[in-house]
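[1] based on what follows, work out the 3D shape:
(chains A and B)
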Number of protein chains: 2
Amino acid sequence: MINPFDDTYFMKKALQEAEVAFDKGEIPVGAVIVVEDRVIARTHNLTELLNDVTAHAEMQAITSAANFLGGKYLTNCTLYVTLEPCQMCAGALYWSQISKIVYGASDLQRGFQTMGTKLHPKTEVVSGVMAEEASELMKRFFIQKRNLN
Amino acid sequence: MINPFDDTYFMKKALQEAEVAFDKGEIPVGAVIVVEDRVIARTHNLTELLNDVTAHAEMQAITSAANFLGGKYLTNCTLYVTLEPCQMCAGALYWSQISKIVYGASDLQRGFQTMGTKLHPKTEVVSGVMAEEASELMKRFFIQKRNLN
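    I've put the predicted structure just below:
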């Protein structure tokens, strides 16, 4: 039997969030957090709107999921995020003890893998899910931004 | 002439915040952000009360200062924090491009220096200001916590 709730299914939801960010003029990164095939948080980057460098999609998703669960640890959760998390977000994910992180496009400049940020030893990482779509959206954003300036 | 607004002066304010956290049963870390000898944000750790691993004193201080300034970059600001920032907070400070970070006690286990988190190249770091007081408060907290359990 095919499980419809695979990583691509949830990454599509994260991509939808990234598109909402795009439409708001934000760097288009989206995230969802999932527990037992159920989405409990969906967020997108809001750093421009909120004038706040901490308002990355992942940070909001962590806060939102913890709020939903009534506890600060995300030990049974999976984060889907369209772009590789940065140092800050990976550092927050470390504290959350999240089970699994699935990301789309790699960020070779400022992603946590390049920066060497440590995750919780129990956290599993999957990369490259719908990476092309996430990457295309980012490229489209920066081309549009350049043309507007 | 003696400048009354030295690092110790502002670290005392951060320590006052840490004491507020202590009284709330939070791990006692406090922070203030200063621009031109004026405190524009004062915060303390609220991870327990808010059930949120992202609610470190520094994270709240960054958000609060950016809100006060009406812009997300803290290029003319100094952060005073009683404990060495973690990966998450250092990662947020990286994005904020803050001018200067002054911290009290070192965190040899989970501090950003041990973890290798990168700050913005323009950020100056001073450590060890009122480190003993900050460290004493932490020790007192964990002794009290152990005795209560």
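[2] which residues in chain A form helices?
    With helices called from DSSP state H, chain A shows them at A:7-23, A:57-69, A:87-96, A:112-115, A:131-148.
[3] do you know which of the ones you listed lies nearest chain B?
    helix A:87-96 (3.0 Å; Cβ to the nearest Cβ). No exception for glycine: its C-beta is placed from N, CA and C like everyone else's.
[4] next one: the closest one to chain centre, how far?
    Averaging C-alpha positions (Cα atoms, centre = their mean, to the nearest Å) puts helix A:87-96 12 Å from its chain's average.
[5] for it, name the packing helices and strands.
    Packing partners of helix A:87-96 (3 or more Cβ pairs under 8 Å, 6 or more residues apart in numbering or on different chains; DSSP states H and E): helix A:57-69, helix A:112-115, helix B:87-96.
[6] that one to helix A:57-69, inter-axis angle?
    Inter-element angle recorded for helix A:87-96 and helix A:57-69: 20 degrees (by axes from the mean of the first three to the mean of the last three Cα atoms, to 10 degrees).
[7] hmm, who's touching helix A:87-96?
    A:54, A:56, A:58-59, A:62, A:66, A:72-74, A:77, A:79, A:81, A:85, A:101, A:110, A:112, A:115, A:117-120, A:123, B:53-54, B:86-92, B:94-95, B:117-118 (Cβ atoms under 8 Å, 6 or more residues apart in numbering or on different chains).
[8] ok, now stretch A:12-27?
    A:28-32, A:39, A:42-49, A:57, A:80-82, A:104, A:130, A:133-134, A:137-138, A:140-141.
[9] which of those are buried? Put it as a ChimeraX command.
    Filtering the contacts of stretch A:12-27 down to the buried ones (16 or more other Cβ atoms under 10 Å in any protein chain shown) takes a single ChimeraX command:
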select /A:28,29,30,31,32,42,43,44,45,46,47,57,80,81,82,104,130,133,134,137,138,141
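[10] near chain B, which of the contacts of stretch A:12-27 show up?
    Among the contacts of stretch A:12-27, the ones lying near chain B by Cβ under 8 Å from any Cβ of the partner chain are A:Thr47.
[11] one step back: and of the helices and strands packed on helix A:87-96, who's closest to B:Asn149?
    Closest to B:Asn149 of those, according to Cβ to Cβ: helix A:57-69, at 23.0 Å.
[12] now do that closest one and helix A:7-23, the angle between them.
    Here helix A:57-69 points in a direction 110 degrees away from that of helix A:7-23 (the same axes, to 10 degrees).
[13] pLDDT (mean, whole number) over helix A:57-69?
    Mean pLDDT, computed over helix A:57-69, is 98.
[14] and the contacts of that helix?
    Counting by Cβ under 8 Å, 6+ apart, residues outside helix A:57-69 touching it are A:17-18, A:21, A:29-33, A:35, A:40-46, A:72-74, A:77, A:79, A:81-82, A:85, A:88-89, A:92-93, A:96, A:98, B:51-54.
[15] quick check: closest non-adjacent residue to A:Leu137.
    In space, and not counting its chain neighbours, A:Leu137 is closest to A:Pro28: 4.9 Å by Cβ to Cβ, 6 or more residues apart in numbering or on different chains.
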